[in-house]
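Chemist: sharing a model that was predicted from the sequence below.
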Amino acid sequence: MADKTAARTRAETHFSASEARDQLVKTELAKERIAFEDRTIKLKAMRLARDAEEATEKARLAALAPPKAAKKPAKPRVKKPLA
């Protein structure tokens, strides 16, 4: 019986070490995922801010520019008769 208890203890030790490594890997992956999501949110906010700034600049320049002249209507094309 002592052998079974010792074997069980050794097995539990190995399994607990394996579980500890698995848990460590899972926590590291979770940390990396959170860092990646934070970076993505930050970059998205920066992109949206840049787009808003560009839109206001474009609107400002459009307000300063003189209005475009209206296009003249195109002349109808006349087909030449074949000789």
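Modeler: Noted; the coordinates are in hand. Residues are numbered from 1 along each chain as shown.

Chemist: for this protein, which residue is closest to the average position?
Modeler: Thr40 (5.3 Å; CA atoms, centre = their mean).

Chemist: helix/strand/coil for it?
Modeler: Classification of Thr40 using DSSP: H, G, I helix; E, B strand; the rest coil returns helix.

Chemist: on the pLDDT front, check it for me.
Modeler: On the pLDDT scale, Thr40 is placed at 98.

Chemist: can you tell me how far it is from Ile34?
Modeler: When distance is defined by CB to CB, to the nearest Å, Thr40 is 11 Å away from Ile34. Any C-beta I mention is one placed from the backbone N, CA and C, and that applies to glycine too.

Chemist: next: Val78.
Modeler: Distance from Val78 to Ile34, by CB to CB: 72 Å.

Chemist: between the two, who's got more neighbours?
Modeler: The neighbour comparison of Val78 against Ile34 (other CB atoms under 10 Å) goes to Ile34, with 10 against 6.

Chemist: secondary structure element for the more buried one?
Modeler: helix 2-64 (DSSP states H and E).

Chemist: quick check, distance from that helix to the centre of its chain.
Modeler: Relative to the chain's own centre, helix 2-64 is displaced by 13 Å; criterion: CA atoms, centre = their mean, to the nearest Å.
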